[in-house]
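quick check, what structure comes out for this input:
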Amino acid sequence: MAMIEVSHLQKNFKKTTKAPGLIGAFQSLIHPQYQTFEAVKDLSFEVPQGEILGFIGANGAGKSTTIKMLTGILAPTSGFCRINGKIPQEDRKNYVKDIGVVFGQRTQLWWDLPLQETYSVLKEIYDVPEKEFHKRMDFLNEILDLNEFITSPVRTLSLGQRMRADIAASLLHNPKVLFLDEPTIGLDVSVKDNIRKAIAQINHEEKTTIVLTTHDLDDIELLCNRIFMIDRGSEVFDGTIKELKGQFGRIREVEFELVDSNDGAKLDYSTLPVPVEIRQTGNTVVAKFDDSLVSVPNILKLTLAQVEVKDISVKDADIEEIVRQIFRKEAQEHEQLS
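This is a model prediction of the structure:
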């Protein structure tokens, strides 16, 4: 059985509509008119134990609504979700012992308490045995390096320290599933790297199933093998990063280091069947193109015939560019249907 099972999950919200002006407000008060908004539309997927799933989508795509249903905060309009054999909305008290949740913009820590005391309070809330608590804290201290600020009040912690502290709080009771919503938002590069390493270690050593929601696509590439992407509440893609790049990753970049930076003005790709986007910084020129329509050798041959080059490198499309293409395509199709 999958650790997370989602079947035909649907969430509708009813909102009041009214005509403009005072008359519209009065009519809305006496005879309100309602419009149904489908935030999540018929989602179905499974997550096996120990997988890190990258759950992504644009703002307003329905990610947060889905996560709130998976964590039991919202009840679905139809369909169901089952996590570790439990329906979140049916037995929340027992269910929350199986999950940990981290929201990047909100903290579950007590603002004025020293961090150590906060963990002691959470120990009582989750009914963690004393021996298990100390063993758990040793493990969390090791992977998240909490000792340097564990006696400090939460309000004095930096954003990076607070995020590490929040992740530790969500793992204190050794949950089977961890929901991470933007865990690296606003952090500097070194702190992001440390948190990513901690998440990967937790997943590897404890086989914790992780659902990662993020706008930082470096998080996805470094941590997730599988992506589930939604837009306007519906599934857009479900598969591995390799499959995503195979299906959508046809944009390639060839980077040339010119002998003479003035040669950049000589480059002309107008004879090719597709447009080639060129950008130049100093002696470095990057040519971006669709390699399903024109090959890399053709780009190289044409370039070397026009300019003298010191160095060449070829890059696959990164995941950020691919996701941007997918959402651009979805938006265009939606406008055409409208």
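
was I right to think residue 312 contacts residue 300?
Yes. Judged on CB atoms under 8 Å, residue 312 makes contact with residue 300 at a distance of 6.9 Å. Using the backbone N, CA and C atoms, a C-beta is placed for each residue, glycine as well.

give the residues shared as contacts by these two.
Taking CB atoms under 8 Å, 6 or more residues apart in numbering as the criterion, residue 312 and residue 300 both touch residue 254.

list the contacts for residue 15?
Counting by CB under 8 Å, 6+ apart, residue 15 makes contact with 34, 35, 37.

one more pass at 10 Å, please.
Going by CB atoms under 10 Å, 6 or more residues apart in numbering, residue 15 touches 33, 34, 35, 36, 37.

just the buried subset of the residues you listed, please.
By neighbour count, with 16 or more other CB atoms under 10 Å, the contacts of residue 15 hold no buried member.

what is the nearest of these to residue 175?
In terms of CB to CB, no member of the contacts of residue 15 lies closer to residue 175 than residue 37, at 31.8 Å.

from residue 99, how far out is the residue nearest the centre of the chain?
For the chain, residue 214 is the residue whose C-alpha lies nearest the centre (CA atoms, centre = their mean; 2.4 Å). Per CB to CB, to the nearest Å, residue 214 is found 18 Å from residue 99.

one more: residue 197?
Between residue 197 and residue 99 the distance is 22 Å, computed by CB to CB.

those two: who's more crowded?
For residue 197 and residue 99, the more surrounded residue by other CB atoms under 10 Å is residue 99, and the numbers stand at 22 against 14.

residue 271: how many residues sit nearby?
Residues contacting residue 271 under the criterion other CB under 10 Å number 7.

that one - that's part of a helix, no?
No. Residue assignment for residue 271, taken from DSSP: H, G, I helix; E, B strand; the rest coil, gives coil, which places it outside any helix.

where does pLDDT dip in the stretch 101-250 of the chain?
Under the criterion of pLDDT under 70, the regions of the stretch 101-250 of the chain flagged as low confidence span 249.

where along it do the helices fall?
Counting by DSSP state H, counting those that start in this stretch, the stretch 101-250 of the chain has helices at residues 115-125, 130-144, 159-171, 189-206, 217-223, 241-248.

and the last one, how far out from the chain's middle?
Its chain's C-alpha centre and that of helix 241-248 lie 17 Å apart, by CA atoms, centre = their mean, to the nearest Å.

put the alpha carbons of it into CSV.
What follows is the C-alpha trace of helix 241-248 in CSV, where atoms were taken according to Å, rounded to 0.1, in the frame of the first residue of the first chain:
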residue,chain,number,x,y,z
ILE,A,241,12.8,14.8,-13.8
LYS,A,242,14.4,12.7,-16.6
GLU,A,243,10.9,12.2,-18.1
LEU,A,244,10.1,15.8,-17.8
LYS,A,245,13.2,16.8,-19.6
GLY,A,246,12.6,14.2,-22.2
GLN,A,247,9.1,15.4,-22.9
PHE,A,248,9.5,19.1,-22.6
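
next secondary structure after that helix?
Past helix 241-248, further along toward the C-terminus, the next helix or strand under DSSP states H and E is strand 251-258.
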